[in-house]
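**Q** what follows is a predicted structure for the sequence shown.
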Number of protein chains: 2
Amino acid sequence: MKLKILGSQGALPKRGLYSSSQVLNIKNKYILIDCPEGIQFQLKNYRVKFSKIDFILISHAHGDHYFGLMGLISTYSLLRRTNKLTIFCPKVVSEIINSQMKISSIFLYYDLEIISLNSKDSEKIYESNDFTIVTIPLKHSIYCNGFLISEKNNKRKLNLDLAKKLNINKVYFNKLTKGENVFNEMGREIDFRDVTSKVLNRSYAYCSDTIYFPNIIEKITHIDLLYHESTFLEKDKKKAKLTMHSTAMDAAKIASKAQVSKLLIGHFSSRYENLDLFINEVKQRFQNVELAFDGKEINI
Amino acid sequence: MKLKILGSQGALPKRGLYSSSQVLNIKNKYILIDCPEGIQFQLKNYRVKFSKIDFILISHAHGDHYFGLMGLISTYSLLRRTNKLTIFCPKVVSEIINSQMKISSIFLYYDLEIISLNSKDSEKIYESNDFTIVTIPLKHSIYCNGFLISEKNNKRKLNLDLAKKLNINKVYFNKLTKGENVFNEMGREIDFRDVTSKVLNRSYAYCSDTIYFPNIIEKITHIDLLYHESTFLEKDKKKAKLTMHSTAMDAAKIASKAQVSKLLIGHFSSRYENLDLFINEVKQRFQNVELAFDGKEINI
């Protein structure tokens, strides 16, 4: 999995910086997570091929998380996209998009599926042979979901050198990775466990926007990377509570309690100039932390 | 009048360049003309104070001319704008905006007036003591208006040195600029025409998007600056006709026939890399021409 940050700021635009958005590349599929105004420019800026995006996940119906949808939908049509696009979003966002498409009589050359989310419980919204997407209900001023995206590696990893050494014909390699025993060229049965190992499934969770909400911990325990919003610093805790956002320390507590491998923070309020203060605050509680910034890439 | 170009491209985004938009400063009022996606970033980039904009004019309901409206309306609320904002736009755009505001229950701290345009004839949509805004119906694939913005200088310009030389008391200067005769300190009547001169009213027209449409000429004859779209070069005339856009030569013909002082061209298709070709094409027919580019400023 590879994550690219397209925007790292909160709701108000800051010179040269965009509102929160990311694109996740998983098993040759591209998932756009949140879609603020200007997303087209960021996709261009960071050389993400427009047509590659198969899925768009929208966390909630605040403008800085979905105002770029209509532009993208429309540009795809101008570019004569033909492959299907699936959008998962809160019901109110699908109503807005459907109403705008109807009023403006836009013609689409591709199949657009908009799937409304309205469950207050976590639900698996997508599953393929390669990965799953599960919602993580968050606690914000309006209905809001985070998303947990997890690889599904059904095959085991072959120790190629050992397999050759054991005189196994390569036509049997596939069977071994599927967990089946085979016979080698001398007729000896080879246990698949001896030449293959389990592949760990990597997982990524995007949690924005939310006030400190420990209910999410059980959903994200031991994941490889957690993106958690940290709009404010602890010194502005009151503002965080009022607007139902998190502080850097809130994000650190969640990461620590969930024992995630790495924490990525973002959705910074435009009031802060020195983002190192966010890192310092997190490190009081959780060490393996990075700042999201526009253009950053992370291998998960 | 001072014009600032915020975007100069056609519908498809190009790395670092935005779709067509401009802000006109006239008599301390700021008029935003067209409002594509990302307009907030361009206003920031080019240091136009958000709060200064009093009027927004939307030419037509294609996304690259109005997809930034909802973001701007919403950001104004986050910034606690209090001064009134007036938007003139085609009926379909006001329907889209009103529907989106209703569905998302956005709360505005300021007075937002959205005035729907649907007349096929030119109409005066705004008049103050300082300027007027008149629509220029254009010919495009959907209902589309250009806009003619003209200063109203009701006062004459005083020749201050001469007025002092003629011993006119300064309390009478205002009367003279209003076109009234006064008496000087020796009791001699002074004809206002002798010490004042007529001030020329400057005017600017924005004509985008449109196919070559000579009907507009009578509306823009002798104006100081004409912005006319030129999405294509003459070699792509067929594409221009098909999409109801103009070529650089079309813009040149209109400027020449209307005898405008200066022509500004923009709304370039993303297919062109060398924009000098546009200038060369125009100059075959009309000399005083400039390219619109993001960030450019023009004194009218």
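**A** Yes, it's here.

**Q** so which bits of the stretch 51-200 of chain A are right by chain B?
**A** By the rule C-beta under 8 Å from any C-beta of the partner chain, the part of the stretch 51-200 of chain A lying against chain B is A:61, A:63, A:67-68, A:70-71, A:74-75, A:78-79, A:92, A:95-96, A:99-100, A:103-104. The way it works is simple: take the backbone N, C-alpha and C, and place the C-beta from them, glycine included.

**Q** please flag which of those residues sit within helices.
**A** Taking DSSP state H, the ones among those that sit in helices are A:Gly63, A:Met70, A:Gly71, A:Ser74, A:Thr75, A:Leu78, A:Val92, A:Glu95, A:Ile96, A:Ser99, A:Gln100, A:Ile103.

**Q** please, a ChimeraX command that selects the buried ones among those residues?
**A** Those of these that count as buried under 16 or more other C-beta atoms under 10 Å in any protein chain shown are selected in ChimeraX with:
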select /A:63,70,71,74,75,92,95,96,99,100,103
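
**Q** what's the neighbour count on the residue lying closest to A:Lys239 once chain neighbours are set aside?
**A** Nearest residue to A:Lys239, sequence neighbours excluded (C-beta to C-beta, 6 or more residues apart in numbering or on different chains): A:Phe232, at 5.8 Å. Neighbours of A:Phe232 under the rule other C-beta atoms under 10 Å in any protein chain shown: 28.

**Q** tell me, how many neighbours does A:Met186 end up with?
**A** Using other C-beta under 10 Å: A:Met186 sits among 7 other residues.

**Q** one more: A:Asn288?
**A** So A:Asn288, with other C-beta under 10 Å, has 13 neighbours.

**Q** how near is the residue lying closest to it once chain neighbours are set aside to chain B?
**A** Among residues not flanking A:Asn288 along the chain, A:Lys262 sits closest, at 4.8 Å (C-beta to C-beta, 6+ apart). To chain B, A:Lys262 is 30 Å away according to C-beta to the nearest C-beta, to the nearest Å.

**Q** and if you look at A:Val134?
**A** 26 Å.

**Q** that residue should be in a strand, yeah?
**A** Yes - counting by DSSP: H, G, I helix; E, B strand; the rest coil, A:Val134 is found in a strand.

**Q** who is it paired with across the strands?
**A** A:Lys124, A:Leu148 (DSSP bridges).

**Q** quick one, what contacts it?
**A** For A:Val134, the contact set (C-beta atoms under 8 Å, 6 or more residues apart in numbering or on different chains) comprises A:Ser122, A:Glu123, A:Lys124, A:Ile125, A:Phe147, A:Leu148, A:Ile149, A:Ser150, A:Lys219.

**Q** can you tell me what sits against the lowest-mean-pLDDT helix or strand in chain A?
**A** Least confident helix or strand of chain A, by mean pLDDT, DSSP states H and E, is helix A:39-45 with a mean of 90. By C-beta under 8 Å, 6+ apart, the residues outside helix A:39-45 that reach it are A:6-7, A:18, A:21, A:23, A:32, A:50, A:68, A:71-72, A:75, A:294-295, B:13-16, B:18, B:37-38, B:41.

**Q** need the buried ones from those residues selected in ChimeraX.
**A** Provided next is the ChimeraX selection string for whichever of the contacts of helix A:39-45 are buried by 16+ other C-beta under 10 Å:
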select /A:6,7,18,21,23,32,68,71,72,75,294 /B:13,14,18,37,38,41
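
**Q** how far away is A:Lys296 from chain B?
**A** A:Lys296 is 19 Å from chain B, by C-beta to the nearest C-beta.

**Q** can you list the buried residues in the strand or helix carrying A:Leu242?
**A** Take DSSP states H and E as the rule and A:Leu242 turns out to sit in helix A:237-243. Using 16+ other C-beta under 10 Å as the test for burial, helix A:237-243 gives A:Ala240, A:Thr243.

**Q** report all helices and strands that that helix contacts.
**A** Packing partners of helix A:237-243 (3 or more C-beta pairs under 8 Å, 6 or more residues apart in numbering or on different chains; DSSP states H and E): none among the helices and strands.

**Q** buried residues in the helix or strand just after it, which are they?
**A** Sequence order places helix A:248-257 as the next helix or strand after helix A:237-243, per DSSP H and E. Going by neighbour count (16+ other C-beta under 10 Å), the buried part of helix A:248-257 is A:Ala248, A:Met249, A:Asp250, A:Ala251, A:Ala252, A:Lys253, A:Ile254, A:Ala255, A:Lys257.

**Q** farthest pair in those residues?
**A** Using C-beta to C-beta, the buried residues of helix A:248-257 span at most 15.2 Å, a distance reached by A:Ala248 and A:Lys257.

**Q** distance from stretch A:90-100 to the middle of the chain?
**A** 22 Å (C-alpha atoms, centre = their mean, to the nearest Å).

**Q** sorry, back to before: now tabulate the buried residues of helix A:248-257 in a markdown table and tack on distance to chain B.
**A** A markdown table is the format used below for the buried residues of helix A:248-257 (distance: C-beta to the nearest C-beta, whole Å):
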| residue | distance to chain B |
| --- | --- |
| A:Ala248 | 22 |
| A:Met249 | 25 |
| A:Asp250 | 22 |
| A:Ala251 | 22 |
| A:Ala252 | 27 |
| A:Lys253 | 28 |
| A:Ile254 | 26 |
| A:Ala255 | 28 |
| A:Lys257 | 32 |
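
**Q** hmm, back to that, turn the contacts of A:Val134 into CSV, columns for distance to B:Thr196.
**A** Formatted as CSV, the contacts of A:Val134 follow (distance: C-beta to C-beta, whole Å):
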residue, distance to B:Thr196
A:Ser122, 77
A:Glu123, 77
A:Lys124, 79
A:Ile125, 74
A:Phe147, 70
A:Leu148, 75
A:Ile149, 74
A:Ser150, 79
A:Lys219, 78
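
**Q** type out the ChimeraX command that picks the buried ones from those.
**A** To isolate the buried members of these in ChimeraX, using 16+ other C-beta under 10 Å:
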select /A:122,125,147,148,149,150,219
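
**Q** still on that earlier bit, farthest pair within the ones in helices among the residues of the stretch 51-200 of chain A next to chain B?
**A** Maximum distance among those (C-beta to C-beta): 26.3 Å, for A:Leu78 and A:Val92.

**Q** my guess is the residue nearest to A:Asn288 contacts A:Phe286, does it?
**A** No - taking contacts as C-beta atoms under 8 Å, A:Lys262 lies outside contact range of A:Phe286: 9.5 Å.

**Q** those two - which one has more neighbours?
**A** Legend: neighbour count by other C-beta under 10 Å for A:Lys262 and A:Phe286, higher for A:Phe286 (23 against 18).

**Q** so how far is chain B from that one?
**A** 30 Å.

**Q** tell me the SS of that residue?
**A** coil.

**Q** so what does A:Asp34 have for phi and psi?
**A** Main-chain dihedrals, A:Asp34, degrees, to the nearest 10: phi 60, psi 150.

**Q** A:Ser19 versus that one, what's the distance?
**A** Distance, A:Asp34 to A:Ser19, using C-beta to C-beta, to the nearest Å: 8 Å.

**Q** between these two, which contacts overlap?
**A** A:His65.

**Q** re earlier: redo the contacts of A:Val134 as CSV? Include pLDDT.
**A** As requested, the contacts of A:Val134 are exported to CSV (pLDDT from 0 to 100):
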residue, pLDDT
A:Ser122, 98
A:Glu123, 97
A:Lys124, 98
A:Ile125, 98
A:Phe147, 98
A:Leu148, 98
A:Ile149, 98
A:Ser150, 97
A:Lys219, 97
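
**Q** helices of the stretch 151-300 of chain A, start to end?
**A** Residue ranges of the helices in the stretch 151-300 of chain A, as given by DSSP state H, counting those that start in this stretch, are A:160-165, A:173-177, A:192-195, A:217-220, A:237-243, A:248-257, A:276-283.

**Q** what mean pLDDT does the last one have?
**A** On average, the pLDDT along helix A:276-283 is 97.

**Q** export it as CSV, just CAs?
**A** Taking Å, rounded to 0.1, in the frame of the first residue of the first chain, the C-alpha atoms of helix A:276-283 are listed here in CSV:
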residue,chain,number,x,y,z
ASP,A,276,6.6,21.1,14.8
LEU,A,277,4.6,21.9,17.9
PHE,A,278,2.1,19.2,16.8
ILE,A,279,4.9,16.6,16.6
ASN,A,280,6.3,17.7,19.9
GLU,A,281,2.9,17.3,21.6
VAL,A,282,2.3,13.9,20.1
LYS,A,283,5.8,12.6,21.1
